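> Fold the following for me, if possible:
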Amino acid sequence: MQISSAKESDRDEVIALWEACGLTRPWNDPSADYNLALANETSAILLAHIEGELAASVLTGFDGHRGWVYYLAVTPDFQKQGLGRRMMVAAELWLRERNAPKIQLMVRDDNEAAIGFYKALGYDVQPVVTIGRRLD
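Okay, the predicted model is just below:
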């Protein structure tokens, strides 16, 4: 398995992976998210390829206060093989290299499988409420 940073030319394949894994929502434009991540030095999309085939992705970024993870996705054919864990290690390394003191991510409260996955990696459900507003 090789992990590398995404390029412009990877966009369609990566977004197809995000869609196959159920990570996109009608109110979020994954193409805009992809473009913004590539345009900023404070974020990256890391990709894992196995024998030339896209197997996993993770979008990570550092806002100067916390590291964040989005779009952790593993191709259904490669799930349950430790790739999600390896992608989180890669995201954590990327953030450590930028001196991020903490890593956070958001998971929908009804996604028990994802919550269990992150707990197994040593992440804790934080006692916070996320408050937001769309700026469209």
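> Now for Leu36, how many residues are close by?
Using other Cβ atoms under 10 Å, Leu36 is surrounded by 13 other residues. Glycine gets a C-beta too; all of them are placed from N, C-alpha and C.
> hang on, I meant Phe117
Using other Cβ under 10 Å, the number of residues around Phe117 comes to 16.
> three-state assignment of the closest residue to it other than its chain neighbours?
Closest residue in space to Phe117, ignoring its immediate chain neighbours: Gly84 at 6.3 Å, by Cβ to Cβ, 6 or more residues apart in numbering. The three-state label given to Gly84 by DSSP: H, G, I helix; E, B strand; the rest coil is helix.
> Also Asn28?
Applying three-state DSSP to Asn28 yields a three-state assignment of coil.
> swap in Leu95?
Leu95 ends up helix, using three-state DSSP.
> Please name the residues that touch it.
When contacts are counted by Cβ atoms under 8 Å, 6 or more residues apart in numbering, Leu95 is found next to Thr60, Phe62, Gly67, Ile103.
> Confirm for me that the second one is in contact with Thr42.
The one in question is Phe62. Yes. Using Cβ atoms under 8 Å, Phe62 is in contact with Thr42, at 5.3 Å.
> okay, the two: which has more neighbours?
Ranked by neighbour count (other Cβ under 10 Å), Phe62 and Thr42 place Phe62 first, with 21 against 14.
> Could you tell me what pLDDT the model assigned to the more buried one?
The score at Phe62 is 97. That number is its pLDDT.
> Same question for Thr24.
What the model reports for Thr24 is a pLDDT of 92.
> Remind me which helix or strand it belongs to.
Counting by DSSP states H and E, there is no helix or strand that carries Thr24.
> Tell me which residues touch it, please.
For Thr24, the contact set (Cβ under 8 Å, 6+ apart) comprises Ile15, Trp18, Pro30.
> Go again with 10 Å.
Residues near Thr24 by Cβ atoms under 10 Å, 6 or more residues apart in numbering: Ile15, Trp18, Pro30, Ser31, Asp33, Tyr71, Ala73.
> Kind regards, and thank you for your time.
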